[in-house]
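Asker: Need the 3D shape of this:
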Amino acid sequence: MLSLPKLGEAQFKQLQRLMQEASGIHLASNKRTLVAGRLMRRLRHFQFTNYDQYLALIAEPAHQRERRLVVDLLTTNETYFFREHPHFEFLGQWLAKQRAPVRLWSAACSSGEEPYSLAMVAAEHLGGEWSVLASDLSQSMLALAERGIYSMEQSRYFPDGWLRRHAQCGVGDMEGRMRIQANLRSRVRFREVNVVRPLPEDLGTFDVIFLRNLLIYFEPAQKQEIVRRIVGQLRVGGLLFIGHAESIHGFDLPLRLAQPSVFERV
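Answerer: All right, here's what the predicted structure looks like:
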């Protein structure tokens, strides 16, 4: 049996520098095993026997697309529809009291489950105009999300009746898959945004911003700067959602706690 290539400390430090330069994300030292696992299939793709060969490849100007793929692979989180469902229950109650138009932003949208979940909640609770901006650092995830096609297993957390109202179930070659309804997809706009960098000037302000399960990648000072930048796009009275395992305690920001991991701009 062939032994698996080992990702050594020096090689891991090279990847840490790459991620810092490309995305602003600091890979913690305890992520080495995760990084090795996610990049293993790329070594197999090129039939490399060690990580030095792969690092040499992505350093070449002719392989910048592969370098970008590394960033994609190391920033992609597991996600699913209505993840951390109390957030969506609270959001629905809040949206029912709002006047249109309403703008929502999924600031780390990954493969699209979160922004489409937001779109479904908005469609169920808002009678007027609304829209969702879905952004991510990963171009491949944005392309996947824009298609709006998912395994039927992803519907297991849909509230009763929502699958019928908001998705089309596949038949024939599409059996076992579903696609988000066109009327919902038309309300969701996808855009590449790196929240570590200055935000686009034309981004505008939002009533609701989901910034969930992203802050865990950053050091405290950088985390505070990201949240400060994001809050600058949130209207007074609007809501910021962060992951249940994340904290912004001690940050000097114009926010008050509305419920666990949900903040209102004041």
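
Asker: going forward, measure contacts and count neighbours with C-alpha atoms only.
Answerer: Will do.

Asker: my read: Leu257 touches Glu264, true?
Answerer: Yes. Using CA atoms under 8 Å, Leu257 is in contact with Glu264, at 6.4 Å.

Asker: These two - which one has more neighbours?
Answerer: Taking other CA atoms under 10 Å, Leu257 and Glu264 do not tie; Glu264 has more neighbours (21 against 12).

Asker: And the strands in the stretch 151-266 of the chain?
Answerer: 167-169, 177-180, 188-192, 206-211, 234-242, 255-259, 262-265 (DSSP state E, counting those that start in this stretch).

Asker: closest to Gly112 out of these?
Answerer: strand 188-192 (9.2 Å; CA to CA).

Asker: Only the buried residues of that closest one, if you could.
Answerer: For strand 188-192, a neighbour-count test (16 or more other CA atoms under 10 Å) marks Val188, Phe190, Arg191 as buried.

Asker: What of stretch 214-230?
Answerer: Leu214, Leu215, Ile216, Phe218, Gln222, Lys223, Gln224, Ile226, Val227, Arg229, Ile230.

Asker: list the contacts for the fourth one?
Answerer: With contact set as CA atoms under 8 Å, 6 or more residues apart in numbering, Phe218 has these partners: Ile25, His26.

Asker: Show the backbone phi and psi for it.
Answerer: Here is the backbone geometry of Phe218 (degrees, to the nearest 10): phi -120, psi 160.

Asker: Show the model's pLDDT score for it.
Answerer: Listed pLDDT for Phe218 reads 83.

Asker: swap in the fifth one?
Answerer: pLDDT, the model's per-residue confidence, is 89 for Gln222.

Asker: ok, now the second one?
Answerer: Residue-level confidence at Leu215 comes out at 88, pLDDT.

Asker: Is it in contact with Glu246, as I believe?
Answerer: Yes. At 6.9 Å, Leu215 counts as touching Glu246 under the criterion of CA under 8 Å.

Asker: low pLDDT regions in this structure?
Answerer: Along the chain, the model assigns pLDDT under 70 to residues 1-4, 76-78.

Asker: What is the neighbour count of Arg17?
Answerer: Look at Arg17: counted by other CA under 10 Å, it has 15 neighbours.

Asker: ok, it to Ile25 distance?
Answerer: Arg17 sits 9 Å away from Ile25, going by CA to CA, to the nearest Å.

Asker: Ok, Ser261 next?
Answerer: 22 Å.

Asker: out of these two, which sits in the more crowded spot?
Answerer: Per other CA under 10 Å, whichever of Ser261 and Ile25 has more neighbours is Ile25, with 23 against 17.

Asker: Contact partners for the more buried one?
Answerer: Met19, Tyr217, Phe218.

Asker: Closest to Gly92 out of the residues you listed?
Answerer: Among those, and counting by CA to CA, the member closest to Gly92 is Tyr217, at 28.6 Å.

Asker: the domain parsing of the protein - what is it?
Answerer: Using automatic domain parsing, the domain parsing of the chain gives 9-75, 86-148+181-265.
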